[in-house]
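1. Next input, structure requested:
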Amino acid sequence: MAIIRLILGKLILFFDWAFPPRAVKRDRQQQAAIDQQANKLTLYQYAACPFCVKVRRAMKRQALTIGTRDVKRAPGAREELLAGGGQLKVPCLRIEDEAGQAQWMYESNAIIHYLSERFPAATQP
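-> Residues are numbered from 1 along each chain as shown. Just a heads-up that it's a prediction; the model follows:
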């Protein structure tokens, strides 16, 4: 089973690399405002998790620069996820508000929906 997971993980990473999604185009001012908002978000994930890849691809399509933490490889990321979110489950989006309070969102579809609602598509000049 471990060999199958390894092979599938490598295939997922290859196809994600080989077929990247196209990012939306925004004017410089819009993108700078969105980048500033995205600094308050962090995605906790595994590199080869298909649901995490789905969220990362949605982030690329929306041209979002959200920091990622690999729960398997980043020192302390596992403990941060367990302490903050309460579950060792990925993908998980950490959303920090203006007061510094964090909300933890699980489930790839919920995360993608949240991102599409919070960061609207580019407006035409």
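
2. which residues in the protein form helices?
-> For the chain, applying DSSP state H gives helices covering 2-18, 28-38, 50-61, 77-85, 108-118.

3. Between helix 50-61 and the second one, find me the angle.
-> Same thing as helix 28-38. Here helix 28-38 runs at an angle of 150 degrees relative to helix 50-61 (axes from the mean of the first three to the mean of the last three CA atoms, to 10 degrees).

4. could you give the mean pLDDT of helix 28-38?
-> Helix 28-38 shows an average pLDDT of 92 in the prediction.

5. Can you report how many residues neighbour residue 101?
-> Per other CB atoms under 10 Å, the neighbour tally for residue 101 reads 8. (C-beta placed from N, C-alpha, C; glycine too.)

6. pLDDT score assigned to it?
-> Predicted confidence (pLDDT) for residue 101: 93.

7. same thing with the one 5 residues further on?
-> The score at residue 106 is 97. That number is its pLDDT.

8. Just give me the neighbour total for it.
-> For residue 106, the count of nearby residues is 16 (other CB under 10 Å).

9. who's in contact with stretch 103-110?
-> 51-52, 54-55, 84-87, 89, 91-97, 111, 114 (CB atoms under 8 Å, 6 or more residues apart in numbering).

10. just the buried members of those?
-> With burial judged by 16 or more other CB atoms under 10 Å, the buried subset of the contacts of stretch 103-110 is 51, 52, 54, 55, 85, 91, 92, 93, 94, 111, 114.

11. elements contacting the helix or strand of the chain with the lowest mean pLDDT?
-> Within the chain, no helix or strand scores below helix 2-18, which has a mean of 89 by mean pLDDT, DSSP states H and E. Secondary-structure packing of helix 2-18 (3 or more CB pairs under 8 Å, 6 or more residues apart in numbering; DSSP states H and E): helix 50-61.
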